[in-house]
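Enquirer: can't give you the sequence, but here's the structure:
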C-alpha cells in the first residue's frame, strides 16, 4: 500500500469491519467488557463512514498518455503468385 | 522509346499504381463473391458491382470481420500486378461492413464463434467491488454518454477517482483505439478497481466497433472487471456479453458501478441500531445470568435449609413436649408432696390428736385394752405414760 493510500480512508475496509462487529455481537457468548469496547469502536466506524458519505465530489482526470496496442503481424507472402 | 523486360514492366506498373493511388483515401465499395480462406492464412474473394469485378486478397490476420458472399463492403487496399502471373489484385488492408444486412450477418457469425469459444461464459464474470475507489472510464469525452455517466455517478456517490481513457467510439479507427486503451489498462491494472466501457445510442453501423472481434477479445481479456453500457436499453453488442457486467445505458453503468449513498446511509443507521440493541440484549442476558445464578443458589440451599428448619422444629416440638412433661411431672410431684404432707400423721398430732400405743402396737379400739394396761400416748410434743382406768364401748 502506498503512503497516499494508507492515509486515505478506505470505505470498503471500514464497512467490512463494521459488518464483522455486528456479526460478532450476534454470535452468542459475549464478554461484556469486550462487548462495550467493540460497541464504541463500532459507533466510531459508523461516524467515519457517514462522514465519508457527505463527500460530494469525484475526481475526474484524462489520461494523456499515448496508447498503443502491442501486436504482431505475419509478413505477406507475395511469392505465392 | 523505353524498353522494359516483363518483370521490369510489372514493377513499373506497380510502382506507378502505388504512387497514383492514395491507399488510405480511396476505398472500393462492392459486393463479396467467391469468398474463401486457405490454410487459415490466406483470404481470397472477389469484389463486384453490376458491371465489374476485381480480385481481392488479404492475410487472415488482417481480416477483422467475418465475411460471407453477398455482403456489401468497403475496402482499403493496395492495387498490384502479380509478378508471376500478371494478374491484377487488390491487397486489402481494412474492411468496413456496409448496411444492416452485412452487419447483422457478421454479428451473428461472430457471436456464434465467440460463444462457442466461451468468451460469454457466466462463470468467468467477476464480481465488482461494492465501494470502488478508482474507476477507469473508456469512452469519448465528446459524447453525451460521458456527461451522462459522470452526472449519475456524482449524484450517487463521492470520493472516487475517475480516469478517462479517451477513444473514438465509432468509425474505422475506433476498434484500434479501444483495444489500445485496454492494453494500457492491463499494464496499469493494479491502479483500478473497475473499468467502464460506454457510448451512447446509434444505429448498427455506429455501434460497429463494439461488435469488432478484437474489441470483444480485449474486453474479455481485461485484468480489471468491465462494466459495459452501450447505447439504449434495447441495443445489445458483443462487448456486452463479454463484459463482467452488462449495463443497459451509460447512466445505468454509473448505477452498477457505485452504490447509492442514501441506501448506504440507511444501512449504517440500521447497523448502528443493531449494535445498540444487541448490546442491550447482551447486558440483559448477563443480568439474567446473574439473577438465575442467585436463583439457583437459593434453590440449591432451599432444600437443606428446609431440612434444617424441620429438624429445628421437630427438636423444638420435642423439647417443648419434654418440658411440658417435666412440668407435669413436677406438678404431679408437688401435688403428691402436698397430699403426702397432708397425710403426715404428725400433722394430725398437731391438731390435738394423740397416738395411743399398747404392748401390741397402736391401739385403735377400746376393746384392745383391759383395765390396768399400761399405755403410751404419743402427743405432738412428748409422750405420756398412762394406765387404763376404765373402757367404754
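Expert: In hand now; what should we look at? Keep in mind the model is a prediction, meaning the values are calculated, not measured.
Enquirer: just how off-centre is the longest strand anywhere in chain B within its chain?
Expert: When chain B is parsed with DSSP state E, its longest strand is strand B:27-38. How far strand B:27-38 lies from its chain's middle: 56 Å, per CA atoms, centre = their mean, to the nearest Å.
Enquirer: The helix or strand following it pairs with which strands, parallel or anti?
Expert: Counting by DSSP states H and E, the element after strand B:27-38 in chain order, helix or strand, is strand B:42-48. Its sheet considered, strand B:42-48 pairs with strand B:27-38 (antiparallel), strand B:53-59 (antiparallel) by DSSP bridges.
Enquirer: pLDDT on the shortest one, on average?
Expert: When pLDDT is averaged over strand B:53-59, the result is 95.
Enquirer: buried set for whichever helix or strand comes after it?
Expert: Once the chain leaves strand B:53-59, the next helix or strand it forms, by DSSP H and E, is strand B:72-81. Buried residues in strand B:72-81, counting neighbours by 16 or more other CB atoms under 10 Å in any protein chain shown, are found at B:72, B:73, B:75, B:76, B:77, B:79, B:80, B:81. Yep, even glycine has a C-beta here, placed from its N, CA and C like the rest.
Enquirer: got a list of contacts for strand B:72-81?
Expert: B:10, B:13-14, B:17-18, B:21, B:23-24, B:26-32, B:47, B:56, B:58, B:67, B:87-99, B:101-102 (CB atoms under 8 Å, 6 or more residues apart in numbering or on different chains).
Enquirer: Include distance to residue B:158 and mean neighbour count when you put the strands paired with strand B:42-48 into a markdown table, please.
Expert: Output for the strands paired with strand B:42-48, formatted as a markdown table (distance: least, CB to CB, whole Å; neighbours: other CB atoms under 10 Å in any protein chain shown):
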| stretch | distance to residue B:158 | mean neighbour count |
| --- | --- | --- |
| strand B:27-38 | 48 | 15 |
| strand B:53-59 | 50 | 18 |
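Enquirer: Turn these into CSV, including distance to residue B:203.
Expert: Output for the strands paired with strand B:42-48, formatted as CSV (distance: least, CB to CB, whole Å):
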stretch, distance to residue B:203
strand B:27-38, 18
strand B:53-59, 27
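Enquirer: residue ranges of the helices in chain A, please?
Expert: Using DSSP state H, the helices of chain A run over A:3-7, A:11-26, A:32-53.
Enquirer: Could you tell me the angle between the longest one and helix A:11-26?
Expert: Spelled out, it's helix A:32-53. Computed with axes from the mean of the first three to the mean of the last three CA atoms, to 10 degrees, the direction of helix A:32-53 lies at 150 degrees from that of helix A:11-26.
Enquirer: What are the neighbouring residues in contact with the nearest residue to residue B:379 once chain neighbours are set aside?
Expert: Of all residues not flanking residue B:379 in the chain, residue B:354 sits nearest, at 5.1 Å (CB to CB, 6 or more residues apart in numbering or on different chains). Taking CB under 8 Å, 6+ apart as the criterion, residue B:354 is in contact with B:377, B:378, B:379, B:384.
Enquirer: Could you identify the most distant pair in the residues you listed?
Expert: Maximum pairwise distance in the contacts of residue B:354, criterion CB to CB, is 8.4 Å, between B:378 and B:384.
Enquirer: how far out from the middle of the chain is the strand or helix carrying residue B:110?
Expert: Taking DSSP H and E as the criterion, residue B:110 maps to helix B:99-117. Chain-centre distance of helix B:99-117: 40 Å, with CA atoms, centre = their mean.
Enquirer: could you say what helices and strands the following helix or strand past that helix packs with?
Expert: Counting by DSSP H and E, the element after helix B:99-117 in chain order, helix or strand, is strand B:134-139. When contacts are defined as 3 or more CB pairs under 8 Å, 6 or more residues apart in numbering or on different chains; DSSP states H and E, strand B:134-139 packs onto helix B:144-156, strand B:161-166, helix B:174-187, strand B:194-199.
Enquirer: Are there helices or strands packed against the second one, and which ones?
Expert: Secondary structure elements in contact with strand B:161-166, counted by 3+ CB pairs under 8 Å, 6+ apart, are strand A:59-62, strand B:134-139, helix B:144-156, helix B:174-187.
Enquirer: hmm, 7 Å instead?
Expert: Applying 3 or more CB pairs under 7 Å, 6 or more residues apart in numbering or on different chains; DSSP states H and E, we find strand B:161-166 packed against strand A:59-62, strand B:134-139, helix B:174-187.
Enquirer: what does the third one give?
Expert: Counting contacts by 3+ CB pairs under 7 Å, 6+ apart, helix B:174-187 is packed against strand B:134-139, strand B:161-166, helix B:213-220.
Enquirer: Now do it and strand B:134-139, the angle between them.
Expert: Here the directions of helix B:174-187 and strand B:134-139 differ by 170 degrees (the same axes, to 10 degrees).
Enquirer: From the rest of the structure, what touches helix B:174-187?
Expert: Residues outside helix B:174-187 that contact it (CB atoms under 7 Å, 6 or more residues apart in numbering or on different chains): A:65, A:67-70, B:136, B:138, B:165, B:167-168, B:192, B:195, B:209, B:212, B:214-215, B:218-219, B:222-224.
Enquirer: How about the last one?
Expert: Strand B:194-199 is contacted from outside by B:128-129, B:132, B:135-140, B:143, B:145, B:149, B:169, B:185, B:219, B:222, B:224-230, B:239, B:243, B:250, B:253, B:257, using CB under 7 Å, 6+ apart.
Enquirer: Spell out which parts of the stretch 201-350 of chain B neighbour chain A.
Expert: Residues of the stretch 201-350 of chain B that fall close to chain A, judged by CB under 7 Å from any CB of the partner chain: B:261, B:264-265, B:268, B:271-272, B:274-275, B:278-279, B:282-283, B:286.
Enquirer: wait, what's in contact with residue 60?
Expert: Here I'm looking at chain A. B:150, B:162, B:164.
Enquirer: Oops, wrong one, chain B.
Expert: B:37, B:40, B:41, B:42, B:43.
Enquirer: could you dump those residues to JSON lines with pLDDT?
Expert: JSON lines is the format used below for the contacts of residue B:60 (pLDDT from 0 to 100):
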{"residue": "B:37", "pLDDT": "92"}
{"residue": "B:40", "pLDDT": "85"}
{"residue": "B:41", "pLDDT": "90"}
{"residue": "B:42", "pLDDT": "93"}
{"residue": "B:43", "pLDDT": "94"}
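Enquirer: Show me which pair in those is furthest apart.
Expert: Distance extremes for those: the farthest pair is B:40 and B:43 at 9.6 Å, using CB to CB.
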